[in-house]
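Participant: Next one to model:
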Amino acid sequence: METTCVKALVTGKVQGVWYRRATQEQALQQGLTGHAINLPDGRVEVLLCGRPAAVREVGEWLWRGPEHARVTHVEFNVVETHAPDDFRTG
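Facilitator: Residues are numbered from 1 along each chain as shown. The predicted model follows:
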């Protein structure tokens, strides 16, 4: 099975609006691993690893986020990394 990992930096009103938890739920529904962590500058870093189609689908969802989020920009980079065993938030 082909696996890809993508790191996304999400900008906007994405902290304090359940963005990380909602991202975790979306990722787990698609069978992805990775993380969603708050950055000191107000962005959220998301690592998505798994089937390319699932990574793409959750990547598209990152632009919407949960109800109270207001995403203004998402920057994606394909990364070469060992895929984690789970999806965590921090």
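
Participant: Assess the claim that residue 83 and residue 1 are in contact.
Facilitator: No - applying CB atoms under 8 Å, one finds residue 83 not in contact with residue 1, separated by 11.1 Å. For every residue, glycine as well, the C-beta is placed using N, CA and C.

Participant: between those two, which one's more packed in?
Facilitator: Ranked by neighbour count (other CB atoms under 10 Å), residue 83 and residue 1 place residue 83 first, with 14 against 4.

Participant: Just give the nearest non-adjacent residue to the more buried one, would you?
Facilitator: Excluding its sequence neighbours, the residue lying closest to residue 83 (CB to CB, 6 or more residues apart in numbering) is residue 49, at 3.7 Å.

Participant: That neighbour pairs with what?
Facilitator: Beta-bridge partners for residue 49, by DSSP bridges, are residue 5, residue 33.

Participant: Just list the residues touching it, thanks.
Facilitator: Counting by CB atoms under 8 Å, 6 or more residues apart in numbering, residue 49 touches 3-6, 32-34, 55, 81, 83-84.

Participant: Pull out the buried residues from those residues.
Facilitator: Among the contacts of residue 49, those classed as buried by 16 or more other CB atoms under 10 Å are 4-6, 32-34, 55.

Participant: Considering those residues, which is situated nearest to residue 76?
Facilitator: residue 6 (5.6 Å; CB to CB).

Participant: The closest one and residue 54: what is the separation?
Facilitator: For residue 6, the distance to residue 54 (CB to CB, to the nearest Å) stands at 11 Å.

Participant: quick one: buried residues of the least confident helix or strand in the chain by mean pLDDT?
Facilitator: Counting by mean pLDDT, DSSP states H and E, the weakest-scoring helix or strand in the chain turns out to be strand 87-89, with a mean of 95. Using 16+ other CB under 10 Å as the test for burial, strand 87-89 gives residue 87.
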